[in-house]
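Student: this is a predicted model, with the sequence first.
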Amino acid sequence: MEKPLRSVVIAILCVGLLMVPTGAGVAGAAKAVGNLNLGVIADVKNLNPYMGYGSSETFVIGWVYDTLLGWDSDEGLVPGLADSWEIKDGGTSVEFKLNPNAKWHDGKPVTAEDVEFSFNFIREKRFPSFMAIIGNLAGAKAIDKHTVRVTFRSPSSNAVRFIATAPSILPKHIWSKIDDPRNYPNLDNPIGCGPCAVAERRDGQFITLKNLGNHYRSSLNVETITLRVLRDETMGIMALRRGDLDALLWSVDPAVAEEIDRNPKGYPNVKVAMAPSTSVRTLMFNLRRAPWNDATLRKAVSLAINQKELIDQVLLGYGSEQGPGLVVPSDLHYNKALGPVPRDVAKAKAILDQAGYVDKNRDGIREDKNGKPIKLEILTGNLPTSINLAELLVYQIKQIGIDAYFTPLTAESLRNKEQAADFDAAVSSVSFSVPDMMFYYAHTSRGVINEGRVAGFNYGGYSNPEYDKLAEAMLVEMNDQARIKLLRDMQAKLAEAYYHIPLFSSNVLMLYRDDRFTGWTVEPDSCINNSTTYSNLVYKGGK
Amino acid sequence: MHDIASRLWRHPRGRVGIIITAAVIIIAIAAPWIAPYDPYDIGQRGPRRLPPGPGHPLGTDAQGKDILSKLIYGARVSLIVGITTGVCVTVLGALLGIVAGYLGGFADTLIMRTCDILFVVPGLPLMILLANYMGTKFYMIIVIFTMLGWAGVARMIRSQVLSLKSRDFVVASRSVGARPGHIMREHILVSVSPLLIVNGVLSAAGVMVAEAGLSFLGFGDPTAVSWGKMLYEAQSGHALLFGAWWWVIPPGLAIFITVFGFMMFGYALEEVLNPHIPRQSAYSKLRKRMARYAGIGKQAGIGRPGGGESIG
Amino acid sequence: MSGAYWARRLLQTALILFIVVTLNFFLPRLTPGTPAGHLYNDPRLSPEAKQEILAQFGLDKPLHVQYAVYLGNLLRGELGTSFSYRRPVSEIILSRIPWTLVLTLSSFLVSVALGVALGAAAAWKRGGHLDTILLSASIVVSALPSFWIAMILTLILAFYWPVFPAYGMVSPHVPVGWNWAFIGSVARHAFLPVLSMCIGGIVGYGILVRNSMVEISGEDFVRTARAKGLSENTALYRHALRNAMLPLVTRIGMSLSGLVGGATVIETIFSWEGMGLLIVEASRSLDYPLMQGTMLIMAVITILANLCADLAYARLDPRVKLK
């Protein structure tokens, strides 16, 4: 080819190559439009990615910083800062391949050294929020510019998910210079590699994130996200109604949802998003204390519980009944065979009669094997909904001839009594979305009493060697399908134990407006506050 | 006694005070018979958030309980807490005030310094802490208020005692060889008792407002039906969002009327029992005393019974 | 005012302060529950990990050691770091006090100014209409809980007839700083809270001034002034009012201690980020350093206020001899 033509061809080829999207594409190439206003209750007091824990703080940190992977409720682990990952050495190490286009907000590229630094930083500085994992974290090593290997002391199925999705990756060139990282609030211009940076902040009032538009993966379409701090829920709802806010990022009182559903004209353009939560409210028995160590008695109580009435009265209908496996249907490892057990007062009375718990002296209360009337003290919190729930429980349980009553306590006092194993039964809640929790809440070792305090969260002292074996195997099972099978077996065991009796699972209710932005997507637990929403949100126009 | 009662009745404010106070007490006692529903009975709940109408003259609350019935039963908590605390505070304060004033010396210093500390420590955080520690059942509230409230009474009594100590009848008694206990009981106590009675009544009024305030902040007895708690439920139940004025006005009005009645009664009582004290200074002295007692409430920024502090 | 008196007074004050500081330290720790509870909530934590977290917050050492550390820090003026804010307590308190002062000082000034005017006018025509109204109003108003007034005002003026904002301290879009937009916004937001607070105050001060003046108008020196030929006006305003200052100042002195903590419930209702709300938050979350810091600051202010009140009283009334 002649020289000038060749250079033209080369030039065209180069331009052509530049136009081919690299990797996932420079997303957000379309102009980001719209200012999203979100109402929050908690203030942003601290933007230290390893110390902040308030919901508003984790929200902001999540936009400014990236983690290695993300978690999707349908697919599980999905790419984040890392394009791919591989579990090696029988589960004791994981290798991540980082996306080569990731850049810090100050322009420097993100490399495996930053990841190596971040994990070793966590280990050295002993950040309290990561204490649970530090014990098992052996270290991290950069293999090459974009590959890093994280190693554990012992294999753990959940450890990978935890280290990949919880700790933000920090820029080594900034954080290696910080003297006292545990007390560093990081409020001035935090540098991360996420889609947004902090544009403006007023303590106690609002914080505005600006979409930088050059993220390697995110497809955020809005220009700015502002979190407005509201001290009072009512005022937040009024602000939403007025149009000052686009959504409220907390779960509202069912009464509010009911009001809006009853009276939509009074709340133009305001919608209620309803999502199932992943936690189950339960009545937890103390299996160490007679007569509650008798499963028949506990089974009778569970048959007396009217979940529907509880949902209608306490949640105003915004909830769903739960099965005794204590895992919610939206979780991948849910055991379909363990659906909600219908209430059956006649059966409850029958099994009590059969077991010998009869009301001999005709006072309406059955007596136990020693002739003493059966009393059940239920410990509960002292907020109005807790009291309401307890009143209903007592009312229902009394119908089968057990003298039930409740004692309201502050949250701290309640936890204290649970830890001291000093209770008959307590209103509690469990969330087994993170499967490891099924070990920590029900394994024998977590119910042992040391120096007067229960070692773990198995406050009621459930102890079943078969369950223990299943749970221990589940913790280290790296194959997803095998693990799910183990989890389903564990749920079946729990269902026969009547240790935690399910009361209901509430719905997460969030309010939003659909006039300025569309694309709100509801997912379990997070409701509208999830990454799918933010990827889909598009500004429609309006003030 | 009969003489005092009839004089009270003839006193214009006294009459108002007696009528209101008696009415509230009767309502509280007769609650199970006059209330249309039982707010503690789950089976008697109606539709939620009803505005006033047939069947529920004051509407229903967020759980369907009848507001009028709650109002009537609420009188019990307010009265029990108010009157009992008023009595306890007065008794304790009088005891310590008389001991401090009459015996002087170490007892005096100890008691007075404790008073100083109690005045200085911020009331609300202390109350919250104590409530956390001791529980929030209404008898605990009574104990907490008593612990924080005796100081004002003690100080006032003590200054009265100091002035009485040098009076003729006391000196005479001493010279005859009467024992200190005897003197304190027979002479001093008798002299200050009008003051105590009035103070008791006014303290009760102050405590009712303070208890309402404490319940309003969420620290009251969680199972009891009280006027303050009704206001708390109104606030946290988004009354302002739903425009549910029938949640806000009745309980506050109830508090107001009851406290007003007690105060009328108290002031009239004071004038009747101490006719030689000129009216005005009695007022200002009382204000000061009420302010000191209500110091808890003031420091907590809760109620402002009597006197009306400008701040909080 | 002998030097000996003040020396003793200062010593007593120091003692009280010490006792308050000690109580301040121990009381929060009596309640069941650990302060770093939220950090403990992870069931995967091993006992060693829990110990380490405790150590990080200095909570693992025996109580008397913690106490010594606490005292040492206090002497250096360090109030510790808040558990939940993770910023120095002093910084948090300093950022919140001004907002409380906006409410309390405004309410205070309005109450005193209007109250004195009202009271003087009522005393001027004793037994007249204003006087009777004031006397009746005083009892009515003092039976009204201020937080109820606040709720009703909010219902009326923010819900049914939205004239004033019902929450917050300043509209979010307004830039902070000494500009008219900011001051105006704060003023609008402060209107309802201050109104709720000063209704009682106006009447209270009014009654106080009225009673003092009525008391005094019968006393000797006013009669002397009249005899001297001074006009009634002068007699009233120069002597009576001046002497009515005495109880007024005493009352003001007592109210000073409420400047910082006295608006708690109002702040809760209106979501006003002042000291009152801070105290409630700190107590609820068992944030020890913050709780201790706020209680201490409030105690100190109260003590100082009492001292000032006594000083002013002594200066104003030469009859008082402070032994």
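Tutor: Looks like it came in fine. Numbers count the residues shown, from 1 in each chain, chains lettered A, B, ... in the order given.

Student: any residues of the stretch 151-300 of chain B in contact with chain A? List them.
Tutor: Residues of the stretch 151-300 of chain B that fall close to chain A, judged by CB under 8 Å from any CB of the partner chain: B:222-223, B:233, B:236-238, B:240-242. All C-beta spots, glycine's among them, are computed from the backbone N, C-alpha and C.

Student: run the last query once more with 10 Å
Tutor: Counting by CB under 10 Å from any CB of the partner chain, the stretch 151-300 of chain B comes close to chain A at B:218-223, B:229, B:232-233, B:235-243.

Student: weed out the non-buried ones from those residues.
Tutor: When those are checked for burial by 16 or more other CB atoms under 10 Å in any protein chain shown, the buried set is B:218-223, B:229, B:232-233, B:235-242.

Student: now for C:Ile152: which residues touch it?
Tutor: Contacts for C:Ile152 (CB atoms under 10 Å, 6 or more residues apart in numbering or on different chains) come out as B:245, B:248-249, B:252-253, C:144, C:196.

Student: can you pick the most crowded of these?
Tutor: C:Ser196 (26 neighbours; other CB atoms under 10 Å in any protein chain shown).

Student: that residue: what's it in contact with?
Tutor: Residues near C:Ser196 by CB under 10 Å, 6+ apart: C:103, C:107, C:144, C:146-154, C:263, C:265-266, C:269-270.

Student: can you rerun that using 7 Å?
Tutor: C:Ser196 makes contact with C:146, C:149-150, C:153, C:266, according to CB atoms under 7 Å, 6 or more residues apart in numbering or on different chains.

Student: likewise for C:Asp131?
Tutor: So C:Asp131 contacts C:122, C:125, C:210 (CB under 7 Å, 6+ apart).

Student: re the thing from before, reformat the contacts of C:Ser196 as CSV; add distance to A:Ala32, pLDDT and secondary structure.
Tutor: CSV is the format used below for the contacts of C:Ser196 (distance: CB to CB, whole Å; pLDDT from 0 to 100; DSSP: H, G, I helix; E, B strand; the rest coil):
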residue, distance to A:Ala32, pLDDT, secondary structure
C:Ser146, 48, 81, helix
C:Ile149, 48, 86, helix
C:Ala150, 43, 86, helix
C:Leu153, 43, 84, helix
C:Ile266, 42, 84, helix
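
Student: what sits closest to the closest residue to chain A within the stretch 151-300 of chain B if chain neighbours are left out?
Tutor: Relative to chain A, the nearest point of the stretch 151-300 of chain B is B:Pro222 (4.0 Å; CB to the nearest CB). Distances taken as CB to CB, 6 or more residues apart in numbering or on different chains place A:Asn382 nearest to B:Pro222, at 4.0 Å, with adjacent residues excluded.

Student: show the pLDDT at that neighbour.
Tutor: pLDDT for A:Asn382: 84.

Student: list the contacts of it.
Tutor: With CB under 7 Å, 6+ apart, A:Asn382 has these contacts: A:408-410, B:136, B:222.

Student: do the same with C:Thr81
Tutor: Residues near C:Thr81 by CB under 7 Å, 6+ apart: A:183, C:87-89, C:289.

Student: need the single longest helix in chain B, by residues.
Tutor: helix B:67-103 (DSSP state H).

Student: helices and strands around the next helix-or-strand element following it, which ones?
Tutor: Later in the chain than helix B:67-103, the nearest helix or strand by DSSP states H and E is helix B:105-120. For helix B:105-120, the packing partners by 3 or more CB pairs under 7 Å, 6 or more residues apart in numbering or on different chains; DSSP states H and E come out as helix B:67-103, helix B:138-165, helix C:3-30, helix C:288-316.

Student: mean neighbour count and mean pLDDT for the ones you listed - can I get that in a markdown table?
Tutor: Formatted as a markdown table, these follow (neighbours: other CB atoms under 10 Å in any protein chain shown; pLDDT from 0 to 100):
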| stretch | mean neighbour count | mean pLDDT |
| --- | --- | --- |
| helix B:67-103 | 23 | 90 |
| helix B:138-165 | 22 | 83 |
| helix C:3-30 | 14 | 78 |
| helix C:288-316 | 20 | 77 |
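
Student: and B:Phe242, how far from chain C?
Tutor: 10 Å (CB to the nearest CB, to the nearest Å).
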